[in-house]
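> sequence plus the predicted model coming up.
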Amino acid sequence: MQLHKYDVVEAATAILDAYGIADLTMRRLAKELNVSPGALYWHFANKQQLLGAIADRILQPARDVPAVTDWRERIVAVCSALRDALLSHTDGAELVSASFAAGQSQAAGDILTALSAAAEDAGVPSAEAELAARTVIYYVLGFTVDEQSKLQWDSAGVLDPQESVAAIDHDRRFGFGLRLLIDGLGVISTVS
């Protein structure tokens with residue numbers, strides 16, 4: 001059986017979803033694919049490249065957000081799709097955050113570009129548009145890491161009942177923080 005890059009990414013994503021990022025090892029992946037660990041390095045030079053490919057797979061739905069003219073609506077649409085994509089995979093936010101920091105994800109770069117364009121459309125100076133976009137991405141990643149951590153702690157039964165997932169309206173909290181950032185972008189554009 002010929003091993004293809006797509007098959008490696010799909011198997012790695014399945015391991016991520018079943019066991020989490022801590023148990024996503026090259027050895028486990030090779031065992032799952034019934035190959036030697038060295039065979040994986042034919043497709044990926046190192047684990048970071050593999051994690052970047054998984055991040056790209058996770059982020060694909062956030063890349064396909066329909067074009068919206070209003071910059072505010074565009075930021076909300078991209079960030080909501082980004083959060084949904086991250087939440088759809090165990091430890092998705094943690095994996096994508098690491099890949100984004102290491103510059104290993106093309107999809108994260110595309111999302112950064114889209115949010116930078118929205119920031120420029122908001123009136124943020126071109127020299128600061130990418131910084132504004134990064135700030136928005138950091139918010140989404142951080143919020144979602146926290147949300148996924150709460151889900152894991154809640155499923156283990158160790159959270160205080162008032163902090164349980166059922167007691168928290170994560171959508172409202174996410175929307176509130178995103179509105180703060182969007183309103184801030186609007187203020188920056190009027191001050192600059």
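Nice, I can see it.

> quick check: longest helix of the protein.
helix 126-155 (DSSP state H).

> distance between that helix and the chain's centre?
8 Å (C-alpha atoms, centre = their mean, to the nearest Å).

> how far off centre is the very next helix or strand once past it?
Downstream of helix 126-155, the next assigned helix or strand under DSSP states H and E is helix 170-191. Once both centres are worked out by C-alpha atoms, centre = their mean, helix 170-191 turns out to sit 19 Å from its chain's centre.

> contact partners of helix 170-191?
71-72, 75-76, 79, 83, 119, 122-124, 128, 132, 135-136, 139-140, 143, 147 (C-beta atoms under 8 Å, 6 or more residues apart in numbering). C-beta here means a position set from N, CA and C on the backbone, and glycine is covered the same way.

> how about stretch 135-144?
75, 79, 82-83, 86-87, 92-93, 96-97, 100, 108, 111-112, 115, 119, 173-174, 177-178, 181.

> hmm, back to that, out of the contacts of helix 170-191, which end up buried?
Listed as buried from the contacts of helix 170-191 are 71-72, 75-76, 79, 83, 119, 122-124, 132, 136, 139-140, 143, 147; burial here means 16 or more other C-beta atoms under 10 Å.

> if we can go back for a sec, if any of the contacts of stretch 135-144 are buried, put those into a PyMOL selection.
Command for PyMOL, covering only those of the contacts of stretch 135-144 found buried under the criterion 16+ other C-beta under 10 Å:
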select buried, resi 75+79+82+83+86+92+93+96+97+100+108+111+112+115+119+174+177+178+181
